[in-house]
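Engineer: following is a predicted model, sequence given first.
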Amino acid sequence: MKFTGSHILSITQFEREQIEQLFAVADRMEPYAHRERVTRVLDGAILGNMFFEPSTRTRVSFGCAFNLLGGEVRETTGFESSALAKGESLYDTARVLSGYSDVIVMRHPTSGSVAEFARASRVPVINGGDGSNEHPSQALLDLYTIQKELRHKGREGIDGLRIALIGDLKYGRTVHSLCKLLCLFNNISVTLIAPDELRMPGDIVESLRAAGNTVVESDAMEASISNVDIAYSTRIQEERFASKEEANLYRGRYRLNQTIYTRYCEPNTVIMHPLPRDSRAEANELDNDLNENPNLAIFRQADNGVLVRMALFALILDVADQVDRHARDVNWYTERRF
Amino acid sequence: MKFTGSHILSITQFEREQIEQLFAVADRMEPYAHRERVTRVLDGAILGNMFFEPSTRTRVSFGCAFNLLGGEVRETTGFESSALAKGESLYDTARVLSGYSDVIVMRHPTSGSVAEFARASRVPVINGGDGSNEHPSQALLDLYTIQKELRHKGREGIDGLRIALIGDLKYGRTVHSLCKLLCLFNNISVTLIAPDELRMPGDIVESLRAAGNTVVESDAMEASISNVDIAYSTRIQEERFASKEEANLYRGRYRLNQTIYTRYCEPNTVIMHPLPRDSRAEANELDNDLNENPNLAIFRQADNGVLVRMALFALILDVADQVDRHARDVNWYTERRF
Amino acid sequence: MKFTGSHILSITQFEREQIEQLFAVADRMEPYAHRERVTRVLDGAILGNMFFEPSTRTRVSFGCAFNLLGGEVRETTGFESSALAKGESLYDTARVLSGYSDVIVMRHPTSGSVAEFARASRVPVINGGDGSNEHPSQALLDLYTIQKELRHKGREGIDGLRIALIGDLKYGRTVHSLCKLLCLFNNISVTLIAPDELRMPGDIVESLRAAGNTVVESDAMEASISNVDIAYSTRIQEERFASKEEANLYRGRYRLNQTIYTRYCEPNTVIMHPLPRDSRAEANELDNDLNENPNLAIFRQADNGVLVRMALFALILDVADQVDRHARDVNWYTERRF
């Protein structure tokens, strides 16, 4: 895949080379996202931010990323009930809406709909999540976070990573995508921690092994998180179960807190989570007592999402090499409280 | 009417001279809408894009048009339930909201409400659709498309146009407005194709004839589309019928597809539609097999909407002559897939 | 309080010195809000305009204020149902959302929630209204309007003000906050006009007196508005009563119209109202026949809201002294109809 002018619909489009290219550009976006510098490289460009299913943080993250490159954002939230109720096809919607902007981010509740939309679109389309199918920018920001956290600990590159994935591995779109991306790297050791009924689908386990990686499956958390670089916790995907009662059988099965972390994990094990984490007492997969733990990377993950989305826009619209040329230092108060 | 500082509430405000002025400015907007150039002529200006009734494409089209001139957009969608529920008058709403922007686009479900709002507004107001009453920018973009499509075929100007209007001519706000605009031109031949119960209102037919134009009425499509420059198809306005069942009596009455087009139409007859078209099997007024027909102008219509709305803003805010002075070439990827 | 980098959560943060500083900056924002000049001082900055409870005018006013300083606005309206339904804490929401912008305005239906959000936010947060608790920018724009209207009549400063507050003084968040601010000034004479059941809470009356001001309470409007500079009318806070019937007992109790104004008020008494005013016949607290009265300041209040919010942003982000340096004259039509 060449980035310029491409749709970004699935992580299966990516080879290791593109991942590395994307992450290198994301690194260069830091001074802009951290507000040390401002760039106007996309001054005059318009993003069509089309969220036919609500997702505040993904929507705002994409919108901010485009603004941070100097572009404008036109937004739609909620289902475009009127036109669809009048019988309009997704083809027509795409032909029309793609006349309004330079690039489109689209979230839609139906699997495959974003790809269908993209086929009719006249501008590049980024999949912002299509039902249970794909959400590629989330998987990319997860992998980018892994690389960055490892580098922070003095290790360059993702090869050799030891990672535990914890929770609902059957329905979690995020962990499926992440595993597929990990197949592009070497010498990965993956520990899959899930209740028996929520194990990672077999084809994904097979792919990991076929790529030469080590996979261990377990249903006990404490024993399995002692030798990993990353402990990646996930939420029970309640909406995917037959009933709330069924989901509740698994909720709270794995709870990571500071006591368990101190007792079982290696020092500096990084904690990740795709967010939102379920902070209610009955779930509490990552306890609030971890909030002061410097290895809790969950908010850095969200921050990294902006960098990765800036990089996607910059590469798709072919301005990655021009960002610094249209830049200046910021002139307003930017001290962040951490 | 002088454009500068004017409200745009109804197509009845327009004389031929203003139409020609508007379309000349719209022509000059092409390099900006096509992303060959970027202008910042409205840098710092704010559009209040107030949609008290949902309409994704009209809202986004106006918003993009303003962004493409360099301005910012503040938006409201959905009914401002709170203030109205608290008993606020439209006068008060208008006095307040018009303090926030340089120009307002307003859509409202109630006929006449936009004009009432405009009377109290302190800045120019463009009617983005007020119920069954008016939607002037739609009629203007239709007429602009006609002129542009004819020019593409080597004919300058709208005089002498032969056009067929097909479908629900009784309730279609779009075709009513278009006919009123056609009265400003000479030598127009209008063929009205509708079921007997959905014929064009008599006063509009009279106006066309009084303006010296030829009007033929028919209830059979195939026989009547053989000698026209434009075949303008419309949707059954389901929401205007007493029941869905009554609307269904007329749905699918006229279906234009590639076979009929080839057999009955002159070569290069242009196909138009105000969109959304009803692509469901029971309606299917314009078949998808026309999508590859280069004379299907329905998406060019939508694109032209951006040009016409840019021209409206530029004229109302008196910057039409300054657009090119604040311009530069674009620096990002813009190749459109067609 | 130092403005730079501060959260603005409550009017209790303000001393007289900050009020005077804020209003001086607001004065300097006039050429920009009046569209005589454009500034780009916040070019590249992003406001997160987070309205978890609808409020069109407060939302648009903040958004416009930020745009008028040259910044971009990313917006959320409605309750972020998804993440909260998934059990996310306000802490997590704040950590994530504050990574997307340089400053956040937040409205939330729950008292205290904005302060809780601010504690976790990494960027400054302005309270845009948290239930019945606080709405500091409204109180500030009211006080700013008082100062400006007095100046217009040749009097400098708020000391010595004579003001009548009329209506639901028990539940009106606005008048509570205004009274607290008035305690920072000297020699204020406050007349509180309310039905016995809707009197101003005793602690606020006490604070006013403790600050050395004169307070008179009354339940008759006409007799009590004859010696004031400002007559500040309010709406019955229907949503705070046990039933609509109970609220209706008080609705329409005090109606100010042009006849009463002429007969009872001193010439040039200024009329204020926090808006929306209830224009329905059964309430009609400020009659439409006052609309032509040049002393009706209610829409100037709304306009002043933009100035005060621009000043808040400029001070919090520490660009108040740079606004004029990044400025130019406007180049588009700006004549306002008044």
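Structural biologist: Done, it's in.
Engineer: how close does the closest residue to A:T269 other than its chain neighbours get to chain C?
Structural biologist: Take A:T269 and drop its neighbours on the chain: the residue closest to it by C-beta to C-beta, 6 or more residues apart in numbering or on different chains is A:A231, 5.7 Å away. In this view, the C-beta of every residue, glycine as well, is placed from N, C-alpha and C. Using C-beta to the nearest C-beta, to the nearest Å, A:A231 is found at 18 Å from chain C.
Engineer: in the stretch 1-150 of chain A, what residue lies closest to chain C?
Structural biologist: A:V38 (3.4 Å; C-beta to the nearest C-beta).
Engineer: tell me the first helix or strand C-terminal of the helix or strand containing that residue.
Structural biologist: Secondary-structure assignment from DSSP states H and E places A:V38 in strand A:37-39. Of the helices and strands lying after strand A:37-39 in sequence (DSSP H and E), the nearest is strand A:46-51.
Engineer: show me what that next one is packed up against.
Structural biologist: With contacts taken as 3 or more C-beta pairs under 8 Å, 6 or more residues apart in numbering or on different chains; DSSP states H and E, strand A:46-51 sits against helix A:56-68, strand A:72-77, strand A:103-108, helix B:56-68.
Engineer: on that earlier part again, OK, contacts around the residue of the stretch 1-150 of chain A closest to chain C?
Structural biologist: Going by C-beta atoms under 8 Å, 6 or more residues apart in numbering or on different chains, A:V38 touches A:Y32, A:G70, A:A327, A:R328, A:D329, A:V330, C:D43, C:G44.
Engineer: would you check which pair of the residues you listed lies furthest apart?
Structural biologist: A:G70 and A:D329 (15.0 Å; C-beta to C-beta).
Engineer: tell me which of these two has more neighbours.
Structural biologist: A:G70 (22 against 9; other C-beta atoms under 10 Å in any protein chain shown).
Engineer: separation between the more buried one and C:V319?
Structural biologist: 19 Å (C-beta to C-beta, to the nearest Å).
Engineer: what lines up beside the strand holding A:V38 in the sheet?
Structural biologist: strand A:327-329 (antiparallel) (DSSP bridges).
Engineer: quick one: the strands in the stretch 51-200 of chain A?
Structural biologist: Listed in chain order, the strands of the stretch 51-200 of chain A (DSSP state E, counting those that start in this stretch) span A:72-77, A:103-108, A:125-130, A:162-166, A:189-193.
Engineer: mind checking which of these is nearest B:V306?
Structural biologist: The nearest among the strands of the stretch 51-200 of chain A, by C-beta to C-beta, is strand A:72-77 at 11.3 Å.
Engineer: now do the contacts for the closest residue in space to A:D159 that isn't next to it in sequence.
Structural biologist: Spatial nearest neighbour of A:D159, chain neighbours left out: A:N186 (4.5 Å); criterion: C-beta to C-beta, 6+ apart. A:N186 is in contact with A:D159, A:G160, A:G212, A:N213, counting by C-beta under 8 Å, 6+ apart.
Engineer: buried among those? Need that as a selection in PyMOL.
Structural biologist: Per 16 or more other C-beta atoms under 10 Å in any protein chain shown, the buried members of the contacts of A:N186 correspond to this PyMOL selection:
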select buried, chain A and resi 213
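Engineer: contact residues of the stretch 51-200 of chain A facing chain C?
Structural biologist: A:54-57, A:60-61, A:63-64, A:67-68, A:70, A:72-73, A:75 (C-beta under 8 Å from any C-beta of the partner chain).
Engineer: understood, closing this out.
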